[in-house]
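Student: sequence-free structure coming up:
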């Protein structure tokens, strides 16, 4: 598939309601920037096989903490997934196909692996976007457990939800733990993309950074700072048509007239170049 076809596939997938988006599939499509011949179905099959390997021994009727132990033993013992502390900023830590192949990742990708294996087994697991870290949450009617996949499944918090606690009381408790609320699928994907963007910009790999910004804009079409950066980056890379589109969208959304005028001047330069090229 071409980069444009991969981008359209990503857009089609994430245009669905958040709870309908296939997180693993969308995460794999992100990796297609680096691996245009990526077999997404194969990698999804790898996740299926990892879950199937544990399924005969996994019992959802046992206490939640025992289920957590079973999943931890499988993911971090049998499968040997680990946090890549030695080369934390290697882009491969953010590409789900590489994480599945190498069994190495960063907090968010290891959390995605943990969630996807667990969900295939019926576990009520969701991601939690903590400041500067990413973990998972295992929530049942009476138990709330926070697990750190980057640290081999370390349990970093466990709360009992008394059966006598009514729905309003549970909501009040969760409000006090607002920073530990579940991350939506689009939020997880945006954070994965943001990690890659930071790596590429820091290493001045701008040609690789631009497709990342395009995907962030699919998730967050009104993000003015991203539109501005994408427009300037496309201009520097001489992708003038794309630069024009990004800058026009930015100017339409920017509420600060001074900032909008600065980018309007850049847009005029881009339009002049396009006229000469035509």
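Tutor: Done, it's in. The model shown is predicted, which means the values in this text are computed figures rather than measured ones.

Student: so where is the stretch 1-150 of the chain shaky, pLDDT-wise?
Tutor: Within the stretch 1-150 of the chain, no range satisfies pLDDT under 70.

Student: got it, and the stretch 151-278 of the chain?
Tutor: The low-confidence ranges in the stretch 151-278 of the chain, as defined by pLDDT under 70, are 159-179.

Student: where do the helices sit along it?
Tutor: 167-176, 185-202, 206-219, 224-236, 240-253, 257-277 (DSSP state H, counting those that start in this stretch).

Student: just put the ones you listed in TSV and tack on mean neighbour count and distance to residue 93.
Tutor: For every residue, glycine as well, the C-beta is placed using N, CA and C. Below are the helices of the stretch 151-278 of the chain laid out as TSV (neighbours: other C-beta atoms under 10 Å; distance: least, C-beta to C-beta, whole Å):
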stretch	mean neighbour count	distance to residue 93
helix 167-176	11	31
helix 185-202	20	8
helix 206-219	20	15
helix 224-236	20	22
helix 240-253	19	28
helix 257-277	13	34
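
Student: out of those helices, nearest to residue 115?
Tutor: helix 185-202 (8.9 Å; C-beta to C-beta).

Student: that closest one vs helix 206-219, what angle?
Tutor: 160 degrees (axes from the mean of the first three to the mean of the last three C-alpha atoms, to 10 degrees).

Student: quick one: contacts of the helix or strand hosting residue 127?
Tutor: Assigned by DSSP states H and E, residue 127 belongs to strand 125-130. Residues outside strand 125-130 that contact it (C-beta atoms under 8 Å, 6 or more residues apart in numbering) are 108, 111-112, 114-115, 118-119, 134-139, 146, 179-183, 187-188, 191.

Student: and what of stretch 149-162?
Tutor: Taking C-beta under 8 Å, 6+ apart as the rule, stretch 149-162 contacts 65, 68, 71-72, 75-76, 81-83, 105-107, 110-111, 113-114, 133-136, 141-148, 170, 173, 180.

Student: sweet, I'm off.
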